[in-house]
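Engineer: mind folding the following:
(2 chains)
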Amino acid sequence: MALFSLARSHKAARVLPGFNITLGFTLTYLSLIVLIPLSALIFKTFTLTWDQFVEAVTGPRVMASYRLTFGASLIAALVNVVFGLLVAWVLVRYDFFGKKVVDALVDLPFALPTAVAGISLTALLAGNGWVGQYLEPMGIQLAFNPNGVVIALIFIGLPFVVRTVQPVLEDAEKELEEAATCLGATRWQTFTRVIFPSIAPALLTGFAMAFARAIGEYGSVIFIAGNMPMVSEITPLIIIGKLEQYDYAGATAVAVVMLVISFILLLVINALQAWQRRHTGAPA
Amino acid sequence: MKKFIHTTLAAALLAVSSLASAQTLLNASYDVAREFYKDYNQAFVAHYKKTTGKDIKIDQAHGGSSAQARAVNDGLDADVVSMNTTTDIEFLANNGVVAKDWAKKFPNNASPTTSTMLFLTRNGNPKGIKDWDDLTKPGVQVIIVNPKTGGNGRMAYLAAWAYARKKGQTDAQAAEFVSKIFKNVPVLAKGGRDATTIFLQRNIGDVLVTFESEVVSVDREFGEGKVDAVHPSVSIIAENPVAVVERTVAKKGTGELAKAYLNYLYSDEAQEIAAKHALRPRSPALLKKYAATFKPIQLVPVSEYFGSLSEAQKVHFNDGGQFDKIYTVK
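Structural biologist: Presented below is the predicted three-dimensional model:
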């Protein structure tokens, strides 16, 4: 009996001492870094009446910008899920000359100032750029329209998917795949039934991070978007535009709408992840 | 973040200045005025030393004009502000950061220099662009700054509008005219420098509408002979207003120095420096001397058709205003 209780209390002990202290710290830290700035944002919108708020966040230009920002972010995140998985797979499963360099390259979009990314992408894809000059005669325009927005967002979102999937793939037991093959599974079956379920939560996390990052992105997009009202204005540009006319309240109102939509989307993705984990029993 | 950097910077500068005992002045100014104020500050420091025997130090902080105004409003301890649109200083006056009657504190509406909007075309002007009418022609691509995000674009819009009115058109016709120009805009630049980059590095567009003062920097950055400056028959007067930041000088006791600093902008020496940077001096003698740069075209003050820049902002550029209609009303 005594032994049992000892084992129990031992199990309850955590690596960091004092659950209360650490939780307290977590809450304080989150408040200081995240909640207080965000509440300042929301308080600023309280200077608006409800009608003014609605008017500020539903103007035709603003609505068009939501469609572009969320649509382009979604497309970019989906593209990143597919190709990010591919990159992660190659980096984990194969050894080749220069692998370390390729591995480091993946992180570059993290480190690069986003404005630099935007300027270089524009220089590349504009009608007189290295790539753009060959595409334009074919009628393909990748800069100064919504295509450019998607490309910039793919660029900045890639590392999120690769870096979340990579460690999970590294930990995945190769023996399982071998067993699947021995039991007569086709390659496709092995992928969809064995590999995919184990990396799906990581893939979803990567998707969510790439998506969230893309929604807030300003620096790289602004140079390549063309910024035409109703066509290629992203929501962060609308916010800057409102600040430019000293409409602080209107700017924060749009920001609050973005925040709420992003938060809901992230919640949904988290819930999806939890459901997926329960469904497959895969480790988190 | 930017504001934070500005404030820390200002705080650091303050700390340094109290150590060095020499009085320090911080001039919060707009982006493209950096080179002009660099030269002017040198001249003023020398002038101040000669007339008062005192050493002073002038620091500059540059950014987008209204971003700077917001930074000062939110606490950046600048002693003086020098902007490129009156609305930016109007905003500070409404919040009590600068004097309500700031425009009367110095001569010429407290604007020691002005600029105007003109066209840059490709070398040799292949599309034969002469005046605002040519910008509405089909097949002509026009690069303009988004009036929503840059003062440069607002002045371009107002200049086109003023041209239409000068030709005897009604406001409705002017709206139609300006709308036609914007229909020829393939890419709306975010700010003045962004527009120049799009036009010259991306090679997009046949004509760039920008400040006269930008022409000099284009020649400097991209080499002379790449573009032709075209002066339209009518353009607008864009004032570059200055003001003392009362909040800061009251705290730092730099009121006299700040006033002397801004007053000297009207001296012949400073006006000549401005002329060299393609900012139109107020002095008629200097305007004549530099007539090759400052071609005498018909210049319309904002007040003639728009009341004031603040009123123009409300009617034309705020959300739901005239500019929005170009894109939202089919």
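Engineer: looking at this, B:Gly128 is in a strand?
Structural biologist: No. When DSSP: H, G, I helix; E, B strand; the rest coil is applied, B:Gly128 is found to be coil, with no strand at that position.
Engineer: which one is it nearest to, not counting chain neighbours?
Structural biologist: Leaving aside its sequence neighbours, B:Gly128 sits nearest to B:Asp134 (CB to CB, 6 or more residues apart in numbering or on different chains; 7.1 Å). For every residue, glycine as well, the C-beta is placed using N, CA and C.
Engineer: repeat that for B:Ser308.
Structural biologist: The shortest distance from B:Ser308 to any non-neighbouring residue, by CB to CB, 6+ apart, is to B:Val302 (6.5 Å).
Engineer: wait, the one you found touches B:Leu309, no?
Structural biologist: Yes. Here B:Val302 lies in contact with B:Leu309, judged by CB atoms under 8 Å, at a distance of 5.3 Å.
Engineer: so for these two, which residues contact both of them?
Structural biologist: B:Thr86 (CB atoms under 8 Å, 6 or more residues apart in numbering or on different chains).
Engineer: can you list contacts of stretch B:268-279?
Structural biologist: With CB under 8 Å, 6+ apart, stretch B:268-279 has contacts from B:35-36, B:39-40, B:43-44, B:47, B:112-115, B:212-216, B:240, B:264-265, B:280-283, B:286-287, B:289-290, B:293-294.
Engineer: for stretch A:113-132, that is, sorry about that
Structural biologist: With contacts defined as CB under 8 Å, 6+ apart, stretch A:113-132 is touched by A:109, A:133, A:135-136, A:141-144, A:148, A:151-152, A:155-156, A:217-224, B:201-204.
Engineer: would you mind listing what in the stretch 201-330 of chain B touches chain A?
Structural biologist: Residues of the stretch 201-330 of chain B lying close to chain A (CB under 8 Å from any CB of the partner chain) are B:201-204, B:313, B:317-320, B:324, B:326-328.
Engineer: from these, pick the one nearest B:Glu90.
Structural biologist: The nearest member of these to B:Glu90, counting by CB to CB, is B:Gln313 at 8.9 Å.
Engineer: show me what contacts the closest one?
Structural biologist: Neighbour list for B:Gln313: A:Gln245, B:Thr87, B:Arg154 [criterion: CB under 8 Å, 6+ apart].
Engineer: three-state assignment of residue 204?
Structural biologist: In the absence of a named chain, chain A is used. helix.
Engineer: ah, I was thinking of chain B
Structural biologist: Here B:Ile204 is recorded as coil under three-state DSSP.
Engineer: for the residue nearest to it when sequence neighbours are not counted, the count of nearby residues, please.
Structural biologist: Using CB to CB, 6+ apart and skipping the chain neighbours, the partner closest in space to B:Ile204 is B:Ile198 (5.3 Å). By the criterion of other CB atoms under 10 Å in any protein chain shown, B:Ile198 has 25 neighbours.
Engineer: coming back round to it: I'd like to know which of the contacts of B:Gln313 are part of helices.
Structural biologist: Per DSSP state H, helices hold the following members of these: B:Thr87, B:Arg154.
Engineer: in the contacts of B:Gln313, which has the lowest confidence score?
Structural biologist: Least confident entry in the contacts of B:Gln313, by pLDDT: A:Gln245, with 83.
Engineer: so that residue sits right up against B:Asn318, yeah?
Structural biologist: Yes. At 5.4 Å, A:Gln245 counts as touching B:Asn318 under the criterion of CB under 8 Å.
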